[in-house]
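Student: Everything below, folded, please.
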Amino acid sequence: MKEQDKDISFIKAPARWPGLVLPVKRRTGGGVPDLGVIFEQDLTTVVFCNLWELSPEKIKGAAREKYSSVEDLVAAGWIVD
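Tutor: Take a look at the predicted model:
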């Protein structure tokens, strides 16, 4: 199984997640990865935030990226962190 397939399977199985949110990251050309989380209520949206700084205020004001499917989210470079 390819790494992308493993990420897709894991994202689609919130019961296997270690908590209520799943931390993800995306490598960028700048060297510092984008950090985000996925909530089990919406598996196709990445909320840009650091898991360790997660708070209702930060979530409310955080940028988001919405994808049409989990497969598209992973194809965009997001991986389980």
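
Student: Tell me the buried residues in the lowest-mean-pLDDT helix or strand in the chain?
Tutor: Sorted by mean pLDDT, DSSP states H and E, the helices and strands of the chain end with helix 56-61, the least confident at a mean of 85. Of the residues in helix 56-61, none are scored as buried under the neighbour-count criterion (16 or more other C-beta atoms under 10 Å). Heads up, the C-betas are built off the backbone N, CA and C, glycines and all.

Student: now stretch 70-81
Tutor: Going by neighbour count (16+ other C-beta under 10 Å), the buried part of stretch 70-81 is 70-71, 73-74, 78-80.

Student: Helix or strand: which one has the residue nearest the centre of the chain?
Tutor: Per C-alpha atoms, centre = their mean, the C-alpha nearest to the average position across the chain is that of residue 24, at 3.8 Å. When secondary structure is defined using DSSP states H and E, the element that contains residue 24 is strand 21-26.

Student: that older thread, I'd like the next helix or strand past the least confident helix or strand of the chain.
Tutor: Elements were assigned by DSSP H and E; along the chain past helix 56-61, the next helix or strand is strand 64-66.

Student: just checking, next helix/strand downstream of that next one?
Tutor: helix 70-75.

Student: same question for that next one, mean pLDDT?
Tutor: Confidence over helix 70-75, taken as the mean pLDDT, stands at 97.

Student: Mind listing residues that contact stretch 18-28?
Tutor: In this structure, residues lying in contact with stretch 18-28 by C-beta atoms under 8 Å, 6 or more residues apart in numbering are 10-11, 14, 33-40, 46, 51, 54, 76-81.

Student: Helices - which of those land there?
Tutor: Counted as lying in helices by DSSP state H, out of these, are 10-11.

Student: Widest-spaced pair of the buried residues of stretch 70-81?
Tutor: Looking at these by C-beta to C-beta, the two members farthest from one another are 71 and 80, with 14.1 Å of separation.

Student: buried residues in stretch 31-48?
Tutor: Quick answer for stretch 31-48 (16+ other C-beta under 10 Å): 34-38, 43, 46-47.
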